[in-house]
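K.L.:
Show me how the following folds:
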Amino acid sequence: MNDELFLDERVEVLAKYGSGLNPCVPIKFRRASGREVIVAEIGLRHPTVQGRRTVHVFDVTDGAADYRLEFDSERLTWRLTREGDRT
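P.N.:
Reported below is the predicted structural model:
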């Protein structure tokens with residue numbers, strides 16, 4: 001990500017859950033401002049440990065900007081932690 005902003009914004013996420021290699025796939029998310037972002041592509045995704053909780057990290061893009069979404073599997077909450085231009 002170029003020119004990235006570090007955020008800690010709670011977001012609403014519409015995700016598809018299934019089986020196989022990608023059991024959770026974010027489809028779109030709504031920011032606190034009401035702006036809706038449709039995910040065009042998922043880049044890296046990986047679990048990480050924060051304290052005693054597992055947080056699943058998704059690097060996604062809508063084609064115009066890159067975002068990092070984090071899903072806290074204990075609290076069942078999504079956060080937008082980074083936003084960056086694609087230039």
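
K.L.:
host element of the most centrally placed residue in the chain?
P.N.:
In the chain, the centroid-proximal residue (C-alpha atoms, centre = their mean) is L69; its distance is 1.8 Å. Applying DSSP states H and E as the criterion places L69 in strand 65-72.

K.L.:
list the buried ones in that strand?
P.N.:
A65, D66, Y67, R68, L69, E70, F71 (16 or more other C-beta atoms under 10 Å). To be clear about C-beta, it is placed using only N, CA and C from the backbone, and glycine gets the same treatment.

K.L.:
Output those in CSV, with pLDDT appended to each entry.
P.N.:
As requested, the buried residues of strand 65-72 are exported to CSV (pLDDT from 0 to 100):
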residue, pLDDT
A65, 95
D66, 96
Y67, 97
R68, 97
L69, 98
E70, 97
F71, 96
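
K.L.:
List the residues that contact the closest residue to the residue nearest to the centre of the chain other than its chain neighbours.
P.N.:
Residue nearest to L69 in three dimensions, not counting chain neighbours: F58, with 4.6 Å by C-beta to C-beta, 6 or more residues apart in numbering. Shown in contact with F58 (C-beta atoms under 8 Å, 6 or more residues apart in numbering): P26, I42, L44, R45, R68, L69, E70, F71.

K.L.:
And those residues, which is closest to D3?
P.N.:
Proximity of those to D3 (C-beta to C-beta) peaks at R68, which lies at 14.0 Å.
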